[in-house]
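# predicted structure and sequence below. I'll ask about it afterward.
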Amino acid sequence: MPHFLDIHKTDPAELRGMLTQASAMKAARAGRSKGALDETMPLVGKMVALIFEKPSTRTRVSFDVGVRQMGGQTMVLSGNDMQLGHGETIADTARVLSRYVDLIMIRTFEETTLQEMADNATVPVINGLTNRTHPCQIMADILTIEEHRGPVAGKKVVWCGDGNNVCASFLHAAGQFGFDLVFTGPETLDPEAEFVEGARAKGVSIEIERDPERGVADADVVVADTWVSMHDSQTTKERRHNQLRPYQVNAALMARAKPDALFMHCLPAHRGEEVTSEVMDGPNSVIFDEAENRLHAQKAIMRWCLGV
């Protein structure tokens, strides 16, 4: 079953094919209205379940619009609609949903929920986000980098802040696409050693650098993400702010990178916290191209899963 669960679990040639198709579909839509159907309408007759245990703006809208543009239909389900694992098992839910829909996208908390869904579904499952990884976001990010700066292989990407789920998928992508990555952040928020070593085993350079100025030196891409989750307590938020304040991406820090270094952020951003408005709205920022590319990358992922 062609599930899309994590970048490091998908063959690099398949990943490259998805990006090529995403670029082609994006180009084909140039100048067309957002509601216009893609010419080939590859998802005509297909029903896609979009499951959100975690709320979302970009993931929900981009997947919903993507399915509709390709001629398919969506069924959007919240955690309250389904209460996954509370009563009916996730395995049974997966088996039932597979009788109704052609594809399942799930945005959830625990990786085990995603895996159990995939293990028991008889249709493809896409990881829309878990607490541990966020592969769809990084496919959009690679698409964005290559649109602006050419092939990502050999480039230096610097992650500033918390070694969270988005950082984890960037590490997976480093190994699959052949770029180097520097993590600069506090030791208490390091990315998982498994992900670091997994990327290094693919032959790329993965560095941990506590000094953000040294970390971003000569970077091709600088990436930040929010310091807190909507579910964090006030005490947790204050503790994280204290740890991460030295890693704010501001104009002075960006000046240490290459003059044409891109700034990226998956959004939503807390302006004045992990990044300043000066950087977000500056000439090197590609954050809104990055947000748009969620749509195009995910359309290609869905087509790959369905073989259309």
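Now that the structure is in, tell me what you want to look at. Numbers count the residues shown, from 1 in each chain.
# can you list the weak-confidence ranges in the protein?
Along the chain, segments meeting pLDDT under 70 span 85, 230-231.
# where exactly do the helices run in this structure?
12-28, 58-69, 79-82, 90-100, 111-120, 135-149, 165-177, 193-200, 212-216, 234-244, 251-254, 277-280, 287-306 (DSSP state H).
# out of those, which one sits most buried?
Greatest average neighbour count among the helices of the chain goes to helix 165-177 (a mean of 25), per mean count of other C-beta atoms under 10 Å. Bear in mind the C-beta positions are built from the backbone N, C-alpha and C, glycine included.
# run the chain-centre distance for that helix.
9 Å (C-alpha atoms, centre = their mean, to the nearest Å).
# could you check the angle helix 12-28 makes with it?
110 degrees (axes from the mean of the first three to the mean of the last three C-alpha atoms, to 10 degrees).
# about what we covered before: can I get the helices of the chain in JSON lines with distance to residue 38?
Shown next, in JSON lines, are these (distance: least, C-beta to C-beta, whole Å):
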{"stretch": "helix 12-28", "distance to residue 38": "7"}
{"stretch": "helix 58-69", "distance to residue 38": "5"}
{"stretch": "helix 79-82", "distance to residue 38": "29"}
{"stretch": "helix 90-100", "distance to residue 38": "24"}
{"stretch": "helix 111-120", "distance to residue 38": "27"}
{"stretch": "helix 135-149", "distance to residue 38": "17"}
{"stretch": "helix 165-177", "distance to residue 38": "26"}
{"stretch": "helix 193-200", "distance to residue 38": "34"}
{"stretch": "helix 212-216", "distance to residue 38": "39"}
{"stretch": "helix 234-244", "distance to residue 38": "41"}
{"stretch": "helix 251-254", "distance to residue 38": "37"}
{"stretch": "helix 277-280", "distance to residue 38": "31"}
{"stretch": "helix 287-306", "distance to residue 38": "8"}
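# wait, which of those helices is closest to residue 47?
helix 90-100 (6.9 Å; C-beta to C-beta).
# which strands and helices sit next to that closest one?
Packed against helix 90-100 by the contact rule (3 or more C-beta pairs under 8 Å, 6 or more residues apart in numbering; DSSP states H and E) you find strand 47-52, strand 103-107, helix 111-120.
# distance from the chain centre to that helix, please.
25 Å.
# picking that back up, output the helices and strands packed on helix 90-100 in a markdown table; the columns should cover distance to residue 172.
Formatted as a markdown table, the helices and strands packed on helix 90-100 follow (distance: least, C-beta to C-beta, whole Å):
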| stretch | distance to residue 172 |
| --- | --- |
| strand 47-52 | 22 |
| strand 103-107 | 18 |
| helix 111-120 | 13 |
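# which one of these lies closest to residue 127?
helix 111-120 (5.5 Å).
# identify the bridge partners of residue 221.
With beta bridges defined as DSSP bridges, residue 221 has these partners: residue 157, residue 262.
# wouldn't residue 236 be in contact with residue 242 here?
No: using C-beta atoms under 8 Å, residue 236 is not in contact with residue 242, being 10.9 Å away.
# for the most centrally placed residue in the chain, what are its contacts?
A centroid search over the chain (C-alpha atoms, centre = their mean) returns residue 137, at 1.7 Å, as the residue closest to the centre. Residues in contact with residue 137 (C-beta atoms under 8 Å, 6 or more residues apart in numbering) are 129, 166, 169, 266, 294.
# ok, so what distance separates residue 262 from residue 139?
Relative to residue 139, residue 262 is positioned 16 Å away (C-beta to C-beta, to the nearest Å).
# er, residue 153 I mean
Taking C-beta to C-beta, one finds residue 153 at 15 Å from residue 139.
# gap between the nearest residue to residue 136 once chain neighbours are set aside and residue 69?
Of all residues not flanking residue 136 in the chain, residue 298 sits nearest, at 5.5 Å (C-beta to C-beta, 6 or more residues apart in numbering). The span separating residue 298 from residue 69 equals 11 Å under the rule C-beta to C-beta.
# do residue 201 as well
Residue 201 is 38 Å from residue 69, by C-beta to C-beta.
# help me confirm that residue 290 comes into contact with residue 147.
No: contact criterion C-beta under 8 Å: residue 290 and residue 147 do not qualify, at 9.7 Å.
# correct me, but residue 129 touches residue 110?
No: here residue 129 does not reach residue 110: they are 11.5 Å apart, not a contact under C-beta under 8 Å.
# please consider this matter closed, and thank you.
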